[in-house]
Each structure stands twice: as C-alpha cells, then as structure tokens.
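Peer 1: The sequence isn't on hand, but the structure is:
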Ligand code: HEM
C-alpha cells in the first residue's frame, strides 16, 4: 500500500477503493489534518472526519436526515423507494421514535441480560468442535454463523433458514472497487431476502407463535394523528430485515477484528485471558480501534457550517466515526490498542437518535465470544497472510481469519 503521508497529492477519500477496504487509517489521518470537511467529486458526497464534527452532526438529525438512506448507494436512490422499505434506520423523528419504541423494550440491557444462557450456549456450540483442533477460521467457523443464529432465535426465524440470511447479506453489502452500488447478485439477494421476510410476516399473522415476529403482527402504533393501527406486513418485513441484518453482520466483524487485534497485541490478550472481568473493556477498545461500522450516511437537508466550510443542503453526507474514534484531538495515543484506556463515548455504535438499538446484545455477544475464545484458545496466532478483508459498504472487517494454536 502507498504511504499517503508521504504523498504531496491532495487528500482524497474513496470508500470504494482497495486502500479503504484494506486499511483506511492513514487516509483518515490525512483527511482529519488536511481536509476534515471534504467533498468527493467522483461520487458527489460530503464527509466529516473529526471527532467534534462527527458528534455534532450525529446529534443534528434536523440537518442530517436518515430519510434518504444510510449508505451511499441508497443516498443516491429515489427517496420514495427508500421510504417503501419501512426501515427505522432510514426514518427521521417523530416517525422513527414511534416505530423504534415498538421494539426497544426487547433490547434493553435488562431484557438482553436474561438471554445470556441462550447466547452462551449458541456461542459455545460453534467453538466447542474445535477444542482439540490445531486451527480454525475465526470468521467462517465461528463469528460468521453464531450472531445470525442468535438474532434469528430471538425473532422466530425457523431453524434451517437462519444461515441463509447472512449469505444474502454478504452479497447485498459487497462492493466491487470503484462501484457504489451492489452487484447484480447483491440486488437479487436483496429481492430474495425482502420476499422471504414478507412471506414470514404473512405466515405468522395467519399462524401466530410465541415469538417476536408474531408479537409484531399484534402491536399497534400511533401514526402521529392519534390513531392507533396495526403494523402492515411490509412494516414487519422491514423490522425483520433490519434486525436480521444489523444483528448478523456487525458482531461477525467485531469478533473477527478482535482475533486479529489480539494476535497483534498479545500483551492485551494476556490481560483478558488472565482476568475475564476485563473483557467488556476490551470490547469497547475494539469498537474504538477497529469498528465494524466505519461511517454512517445522511442527507443534508439544510446548509450547515463545519470549521468555516459550508456543507450545502441537498447532498449525501457521511459521518466517519471510524476516523473520529482515532482523532488525536480527542484521544491520547489514538493509534495504540489499549484495553485499559479510560471509558468514553462508544462512537462505534453511532450517536444520537439512531444510536445502535442492539448495543446491549452486541456487547454481550462479543464479550461471551471473547471469554470463550480466551478460555479455549489462551494462546494463538493468526496467519495474517491468509486473512481476507471484506469489501463492503459501511461495514469493515474480515471474511477469513485463520487461527493456529500457539504453545
Ligand atoms: C458490534 C456490533 C454492532 C455494531 C458495531 C453496530 C453499530 C451500529 C451503528 C453505528 C448504528 C447507527 C446507524 C446510523 O446512525 O445510521 C446502529 C444502528 C442500529 N443497530 Fe447496531 N450495531 C451492532 C450490533 C447490532 C445488533 C446485534 C443489533 C440487533 C438487533 C443491531 C441493531 C441495530 C438497529 C436496529 C439500528 C438502527 C437504530 C435506529 O435507527 O434507531 N445492531 N448499529
């Protein structure tokens, strides 16, 4: 990879380039220093890179709307089509708040805490088969399959159909270098997933079971005019595809990233192995240092000013939390992976009205996955030459992380 610091060309940020997919952190540093409020002429978007700017923009949903979508492909699509998907992540208040309230009770730290035995059982079931092995793939064998199994159990997706959801998602999120939009296979996968969730909602309305999908067919929501009405099938399908998608891809990446970071920082891993009580702090540091969600997309609906530069109305704007969480203006030694770092805002879960609904679940899954890894694989090495990074929109991490036992 080229050393961008040594380059005299103007700072550029291309979220569909190999540089970004492989390691964006040198580029981020340059953007923060030289061009923190940036317009990309190739794709036609604005981007913010500094901690203070990213936090302020995240809080200002009146200026930076989610109603046009949250990735660059949807931000450049027809907003009416986006609205028809009925995803809370692509709604603004007050509609967003009313819809989010329908599911938020299921995801409170207390409600999630009650699921710990189920979550641990699922996680153990994927790691135990490798207890006597010398090697396994931390993503393909472990962090890929378990999160989708957990969220699908919570929702009520039938066994046998759960892993298909992450295969669809992998295709939907994949981007070829230089391409903002999904591949034809990705577009087809999105269609198939949408039809699958719609039919599942219709099926549970006909034959309710004791699960979240069935409960969503029964709840009523205030539409803002005082009228309470039930969710229609498309709205339920929207919840299922968002929860299934968000619940599946991100924890996969966090745990894969954890394996690589622990391999590169054995002193930090030793702390977790010796004292499992430090695992939650390790999860927070992985989220800061190498977060699965690198940026969140918005659409600027009115002019705003950052560092003397006007971000005009009418443009896709991305808030690069992956850069903000390495901003040397805010963090001491930001490029050092240090699980003893003082706690701070977890920007890795976003910030403001859309901050991650599944944060308590994500933290618990990640903590248990690392606890189990530390217990069963107290010393390991990652074969970095054979790791593979995903090329995904918004999501960063690995598809392959070969792990070998070290003695
Ligand atoms: C390590 C794992 C995870 C990370 C890094 C992560 C990250 C994020 C981020 C950055 C956002 C904000 C998006 C935006 O502002 O546009 C978000 C929103 C969201 N996340 Fe997560 N997430 C994780 C796990 C989960 C899980 C397990 C679920 C399970 C249900 C989930 C469900 C959601 C939902 C529904 C939203 C949208 C909330 C809203 O629009 O109000 N996430 N997540």
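Peer 2: Ah, there it is. Model, not experiment: these values are computed from the prediction.
Peer 1: what's the neighbour count on residue 335?
Peer 2: For residue 335, the count of nearby residues is 10 (other Cβ atoms under 10 Å). Every C-beta, even on glycine, is put in place using the N, C-alpha and C of the backbone.
Peer 1: Check the one 10 residues further on too.
Peer 2: When neighbours are counted by other Cβ under 10 Å, residue 345 registers 14.
Peer 1: Could you tell me how far it is located from residue 59?
Peer 2: Distance, residue 345 to residue 59, by Cβ to Cβ, to the nearest Å: 11 Å.
Peer 1: Touching both of the two, which residues are there?
Peer 2: Here residue 345 and residue 59 have residue 351 as joint contacts, going by Cβ atoms under 8 Å, 6 or more residues apart in numbering.
Peer 1: Could you tell me which residues of the stretch 1-150 of the chain lie near the ligand?
Peer 2: For the stretch 1-150 of the chain, the residues in contact with the ligand (Cβ under 6 Å from any ligand atom) are 66, 70, 88, 89, 100.
Peer 1: what does the stretch 301-407 of the chain have sitting close to the ligand?
Peer 2: Proximity of the stretch 301-407 of the chain to the ligand, by Cβ under 6 Å from any ligand atom, involves residues 348, 349, 350, 354, 356, 357, 358, 361, 362, 366.
Peer 1: Let me see the contact set for the last one.
Peer 2: Neighbour list for residue 366: 251, 254, 255, 258, 283, 286 [criterion: Cβ under 8 Å, 6+ apart].
Peer 1: Next one, pLDDT for the closest residue to the ligand within the stretch 301-407 of the chain please.
Peer 2: Residue of the stretch 301-407 of the chain nearest the ligand, by Cβ to the nearest ligand atom: residue 358 (2.1 Å). For residue 358, the model assigns a pLDDT of 96.
Peer 1: ok, now the one 10 residues further on?
Peer 2: Here, the pLDDT recorded for residue 368 equals 98.
Peer 1: buried residues in the helix or strand where residue 195 lies?
Peer 2: Using DSSP states H and E, residue 195 sits within helix 184-206. Of all the residues in helix 184-206, those buried under the rule 16 or more other Cβ atoms under 10 Å are 186, 189-190, 193-194, 196-198, 200-201, 203-205.
Peer 1: Out of these, which comes closest to the ligand?
Peer 2: Nearest to the ligand among these, with distances taken as Cβ to the nearest ligand atom, is residue 197, at 14.1 Å.
Peer 1: can you list contacts of the helix-or-strand element of the chain with minimal mean pLDDT?
Peer 2: Ranked by mean pLDDT, DSSP states H and E, the weakest helix or strand in the chain is helix 79-84, scoring a mean of 86. Here helix 79-84 makes contact (Cβ under 8 Å, 6+ apart) with 67, 68, 69, 74, 90, 234.
Peer 1: mind running it again at 10 Å?
Peer 2: Residues from elsewhere that reach helix 79-84 (Cβ atoms under 10 Å, 6 or more residues apart in numbering): 65-70, 74-75, 78, 90-91, 95, 234, 238, 299.
Peer 1: What about these, which are in helices?
Peer 2: Taking DSSP state H as the definition of helices, the contacts of helix 79-84 contribute 74, 75, 95, 234, 238.
Peer 1: picking that back up, can you tell me which of the contacts of helix 79-84 is closest to residue 395?
Peer 2: Comparing the contacts of helix 79-84 against residue 395 with Cβ to Cβ places residue 70 closest, at 11.6 Å.
Peer 1: Distance check, residue 251 against the ligand.
Peer 2: Going from residue 251 to the ligand by Cβ to the nearest ligand atom, to the nearest Å gives 5 Å.
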